[in-house]
Every structure is written in C-alpha cells, then in structure tokens.
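Novice: give me a model of this one.
(one chain, ligands or ions: 2)
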Amino acid sequence: MYKPETIKELLERSPLNQSITLMGWVRTFRSNRFIALNDGSTLTNLQCVVDFEQLDESVLNAIHTGTAIKVEGKLVESQGRGQTVEVQVSSLAILGGSDPEKYPIQPKKHSLEFLREKAHLRIRTNTFAAIMRVRSALAFAVHRYFNESGFFYMNTPIITGSDAEGAGEMFKLENEDFFGKATHLTVSGQLEAETYAMGLGKVYTFGPTFRAENSNTSRHLAEFWMIEPEMAFYDLEDTMQLAEDFIKYTLGYVLEHCKEDLAFLEQRLEDEDKNKPQAERSPMRLIEKLNFVVDKPFIRLSYTEAFEILKHSKPNQKKKFKYPISEWGADLQSEHERYLVEKHFDAPVVLFDYPAKIKAFYMRLNEDQKTVRAMDVLFPGIGEIVGGSQREERLEVLEQKIKTMDIDPEELWWYLDLRRFGSAVHSGFGLGFERLVMFATGMGNIRDVIPYPRTPQNAEF
Ligand code: 4AD
Ligand code: MG
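Specialist: Ligands and ions are numbered 1, 2, ... in the order given. Okay, the predicted model is just below:
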C-alpha cells in the first residue's frame, strides 16, 4: 500500500541510505542547492540537497518559498552543520508553484497582526504550526483525561431556545418560523449537560459556543470552544479538585508530547519580550511556567477573603484600580483578578462562594443566603480560565431564584423537571479552550490560538 510518509515519521524511522519520497512546501532555497522542506508534521525542516546540474532549468526556476514539491532521493548523514540527516535528491517534481513576488509569507519575521490578515496562509509559519499542533495535542489530552476518568462525551445542541447564562449576549437566529419559537446560538451547553449527568453520571461536552459580547479584548472571541464537564453527586469541593486535576493533566500532556514546539514558542516569547519594557516581560520562561502550574497546588479562597485582600491592597489604597474596591458584592474586574494571581499569590487561584447577585440563576445558594457555590479558576496572564458551580438542586429554591431574576420558567420546564424527578447534588464547570491554548503556548492574543477568530467586525475566511 502506498502511504505518503511525513517528515516526522521519516526522522523517527531514519532509514539511512535507503530511497525515500517526501512532499511538502519549500521554506527556503539557497545557493541553488539547499531546500529547507517542511510538511507541517513537525517544526523541523528537512534539508534536501539538489544537484542543480541534473535538474531541469524550468524545475529549478520554480523552486521558491511556498512551492509545493515532491522529492525522491536517499536519506544520508548530513555533511553540513545544523542537521544530522539530509536528503540527497535524485528527482524533484513541482506540485504547485508559488510566485515569490506575490506569496505573502516570506522567510522573514512577520508581525502577528499582519499574519492575522493572512490567516489562510499563516499556518505555514513555524509559530502558527507550533501553536496549532499544541492546540491539537491539548484537545486530544482533554478527551483522554475524561475518557480515563469514566466520563462520557456528549454533544449539546448549537441551536437552542434556552439561555444558560442569562447574560443576554446571544446571537439570535432569524427564521423563527422554522422552529416555531425564538432561537439563538448556544452560549453554553451546561443546562443540557446537566440533564445527561442526571442519567449517565459523569459527562462532558467539548464544542463551539457563541457570545455576542461586544468586548474587543485579547481574551474574548464571539465564537470559542468550551469544555464542560458535569457530574452527578459532585459538590463544589469535588469540582474544584476536578478542575485543578484536569488542567494539570492537559498541561502535563503537552509538556511531555510537544517538547519541540514548546521550546520554539518559549524562544519566540523571549524574543518578543526583549522589545518590551522590563515590567511587561513574562517573569517565567514558558516551560518553567507550565511546570510550575503542574507541580504546585492552586490557591483556594472565598470571594470574601479575596475582597478583604483587595480592599487593603496597595493599589486600592493608592487609588490605582480603575474600579476601586469598597462595597462587598461588587463583581471583580480583570485588574483585581490579575492583582490576586500575579501580585499577591503569584500562582493560579480558585475563588469560590461568590455573591449570589453577580452570578447565574442556577448556582446553589449557601446557608448565608447571600453567596452561591460558584468557583472561578484564575490564571496568570489569562485571568478567568474556568467558571463553574454546584447547581441548585432544590426545586423551590430554584423556582424562587428564577422568579427574582425575571427568567421565564416556561422556557425551563425541562430543566426544572430534573429537580422534580430524582434530584441530587451535582456540579460542573466550563473551561474556555482558547484560554488554555493561550496559556500553554504563551500567546498574548486569543486571535492567534484559533484558526479563524470571530470578533466584532471580523468574520473573514
Ligand atoms: O464563566 P462562563 O460564562 O461559564 C459558563 O458558561 C458556564 N455555563 C460553564 C459551566 O459551568 N458549565 O464561561 C466559562 C469559560 C470562562 O471561564 C472562559 O474561560 C471562557 O469560558 N469564555 C470565553 N472564552 C473566550 N471568549 C469569550 N467570549 C468567553 N467567554 C467565556
Ligand atoms: Mg465566568
């Protein structure tokens, strides 16, 4: 059976002095002799050495950065420096030419902003190929973790009539006639996941979610991927533990399986940092930072404890916060979260027991009647990476909450049924996948960790 071999597979097999066939894109061509070939399977370019006197002139003239080629030849130990093996090319075919005057991805440093405009071609750069390989590995680790932990993978609807977060930031669908009711793109699969947890026990979703929030920040997308585990019989403690364990597993997985790409991204970050003022540079190298998160326990504290710390903090007393901390109950802004994570604790932080007023209707009310069993995981450089809670399992309490929050109980009849038939303590959380990819790759803008970002005024490709 004919199977095209990738550079990664070839380098692992390393069949010295045997004939091989490869296909890929030319990264550079120098001295009419040395082709750096990349096929996306690995960061490493394979050097292909051609004998220009043997090559057809028209073929030779078509080898440029971006050209797709097929080479046949022999894998040999390299004579030159910079690589251990290289290909001695015996035949070379042009699969697809690339006009060097017009191809936008030149072998030089392009800005991330420039590459965003060329998102269909940026995957041919080392940086984006490394990011997307890490993204793929993280997605695999997500499925592996849950599979090994006895969870079932379920798919929740993308078109829905229910509003999980009650935040009103939804993309409405136009054809109401089709469904006979108002629908929109889902902001979270949580409510439907809850129904399955109350039958299958432990489930998770991993799918696209949509938010029409007009926040043009480096951490928000209008379309992002969310991982939402939901577990029957788990309380908030269990869920905080699960979230920590899960994040550590996925980051541990890429530390083990994406060494080359992480080393490259670490170097990229260091080069980028050199152009920044000292205060804005990353305090830790990328791999060190990932190991730090995997090895150290996350800090846990209640909203009230965090509120006290923030209230008495230097920036608050010196009026340096844009949103000063004075009244208990105010929502924390990203400046506050960053202070806690990056300045005060210098570690990932799990905040729990938030004021009921600032959280969604479904969160379980505490005995104090003021706070709910909610938790957020906050990460350095990222802010909120996880939001979750223990769910209100008591019918009367939930009905009351729905009423005070002005939500139509008719819409949620099926959700309330869960509390009518076999209700039990259950919990779950949502992790924004792109925020995890940002953290793992050290990228500072969420637009650079998803192939085709959707943001206000931008839906190209
Ligand atoms: O905190 P959120 O809004 O929680 C929920 O949607 C719950 N229903 C989840 C659950 O309990 N099953 O969102 C969860 C996470 C956030 O912590 C953040 O990481 C990410 O989703 N997120 C976004 N990521 C990118 N762009 C946006 N606009 C995001 N909004 C939330
Ligand atoms: Mg949240």
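Novice: tell me the spacing between Y452 and ligand 1.
Specialist: 14 Å (C-beta to the nearest ligand atom, to the nearest Å). C-beta: built from backbone N, CA, C; applies to glycine.
Novice: what's the nearest residue to that residue if we skip its chain neighbours?
Specialist: In space, and not counting its chain neighbours, Y452 is closest to F461: 4.6 Å by C-beta to C-beta, 6 or more residues apart in numbering.
Novice: hmm, the one you found is touching R122, no?
Specialist: No - F461 is beyond contact range of R122, at 10.7 Å (criterion: C-beta atoms under 8 Å).
Novice: so for these two, which residue has more residues nearby?
Specialist: Just comparing F461 and R122: by other C-beta atoms under 10 Å the higher neighbour count belongs to R122, 22 against 10.
Novice: which SS class is the nearest residue in space to that one that is not next to it in sequence?
Specialist: Nearest residue to R122, sequence neighbours excluded (C-beta to C-beta, 6+ apart): L115, at 4.1 Å. Secondary structure, DSSP: H, G, I helix; E, B strand; the rest coil: L115 is helix.
Novice: OK, contacts around L115?
Specialist: R122, T125, T127, F128 (C-beta atoms under 8 Å, 6 or more residues apart in numbering).
Novice: tell me the SS of E228?
Specialist: strand.
Novice: give the bridge partners for it, please.
Specialist: For E228, the beta-bridge partners under DSSP bridges are T205.
Novice: doesn't S427 make contact with it?
Specialist: No - checked against C-beta under 8 Å, the pair E228 and S427 is beyond contact range at 11.4 Å.
Novice: pLDDT weak spots in the stretch 201-350 of the chain?
Specialist: Counting by pLDDT under 70, the stretch 201-350 of the chain contains no low-confidence range.
Novice: just the element for E335, please.
Specialist: helix 334-338 (DSSP states H and E).
Novice: quick check: next helix or strand after that helix?
Specialist: strand 349-355.
Novice: quick one: residues contacting L340.
Specialist: L340 neighbours (C-beta under 8 Å, 6+ apart): A306, I309, L310, V349, L351, L378.
Novice: ok so, going back, give me the common contacts of F461 and R122.
Specialist: Joint contacts of F461 and R122 (C-beta under 8 Å, 6+ apart) do not exist.
Novice: list of residues touching the helix holding E335?
Specialist: So helix 334-338 is contacted by A306, L310, P315, F321, K322, Y323, I325, V349, L378, G383, E384 (C-beta under 8 Å, 6+ apart).
Novice: how far does it sit from its chain's centre?
Specialist: 20 Å (C-alpha atoms, centre = their mean, to the nearest Å).
Novice: again with stretch 391-408
Specialist: Using C-alpha atoms, centre = their mean, the offset of stretch 391-408 from its chain centre is 33 Å.
Novice: for it, how far is the first residue from the last?
Specialist: End-to-end distance for stretch 391-408, by C-alpha to C-alpha, to the nearest Å: 18 Å.
Novice: would you mind pulling the contact partners of it?
Specialist: Counting by C-beta under 8 Å, 6+ apart, 163, 166, 194, 361-365, 409, 412, 416, 419-420, 423-428 sit against stretch 391-408.
Novice: what are the buried residues along that stretch?
Specialist: Of the residues in stretch 391-408, R391, E392, E393, L398, K401, I402, I407 count as buried by neighbour count, 16 or more other C-beta atoms under 10 Å.
Novice: what separation do you get for the closest residue to L185 other than its chain neighbours and D51?
Specialist: In space, L185 comes closest to F210 once its chain neighbours are excluded; the distance is 3.8 Å by C-beta to C-beta, 6+ apart. The gap separating F210 from D51 is 55 Å, by C-beta to C-beta, to the nearest Å.
Novice: with neighbour numbers in mind, choose between the two.
Specialist: Comparing F210 with D51 by neighbour count (other C-beta under 10 Å), the higher total belongs to F210, at 18 against 12.
Novice: which element is I131 on?
Specialist: helix 126-148.
Novice: list the strands paired with the helix or strand that comes right after that helix, with their directions.
Specialist: Downstream of helix 126-148, the first helix or strand assigned by DSSP H and E is strand 152-153. Strand 152-153 pairs in its sheet with strand 202-210 (parallel), by DSSP bridges.
Novice: buried sites along the strand it pairs with?
Specialist: In strand 202-210, counting by 16+ other C-beta under 10 Å, buried: K202, V203, Y204, T205, F206, G207, T209, F210.
Novice: convert the C-alpha atoms of that strand to PDB, please.
Specialist: Output of strand 202-210 as PDB, limited to C-alpha atoms (Å, rounded to 0.1, in the frame of the first residue of the first chain):
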ATOM      1  CA  LYS A 202     -20.300  12.000  34.500                       C
ATOM      2  CA  VAL A 203     -20.400  13.600  31.100                       C
ATOM      3  CA  TYR A 204     -18.600  16.300  29.300                       C
ATOM      4  CA  THR A 205     -19.100  18.500  26.200                       C
ATOM      5  CA  PHE A 206     -16.400  20.000  24.000                       C
ATOM      6  CA  GLY A 207     -17.900  22.200  21.400                       C
ATOM      7  CA  PRO A 208     -18.300  25.700  19.900                       C
ATOM      8  CA  THR A 209     -20.100  28.300  21.900                       C
ATOM      9  CA  PHE A 210     -21.100  31.800  20.900                       C
END
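Novice: hmm, that strand touching ligand 1?
Specialist: No - using C-beta under 6 Å from any ligand atom, strand 202-210 stays clear of ligand 1, coming no nearer than 7.2 Å.
Novice: what sits up against that strand?
Specialist: Here strand 202-210 has contacts from 139, 142-143, 146, 149-156, 158, 170-171, 184-189, 193, 196-197, 222-232, 433, using C-beta under 8 Å, 6+ apart.
Novice: which among these end up buried?
Specialist: 139, 142, 146, 151, 154, 156, 170, 184-189, 193, 196-197, 222-232, 433.
Novice: from M170, how far out is F210?
Specialist: 7 Å.
Novice: just Q79 next, same as before
Specialist: 62 Å.
Novice: also R281?
Specialist: Counting by C-beta to C-beta - R281 and M170 are separated by 39 Å.
Novice: what do you get for Q457?
Specialist: On the measure of C-beta to C-beta, Q457 and M170 end up 18 Å apart.
Novice: quick one on the thing from earlier: ok, the helix holding E335 near ligand 1 or not?
Specialist: No - shown here: helix 334-338 not in contact with ligand 1 (C-beta under 6 Å from any ligand atom), separated by at least 11.0 Å.
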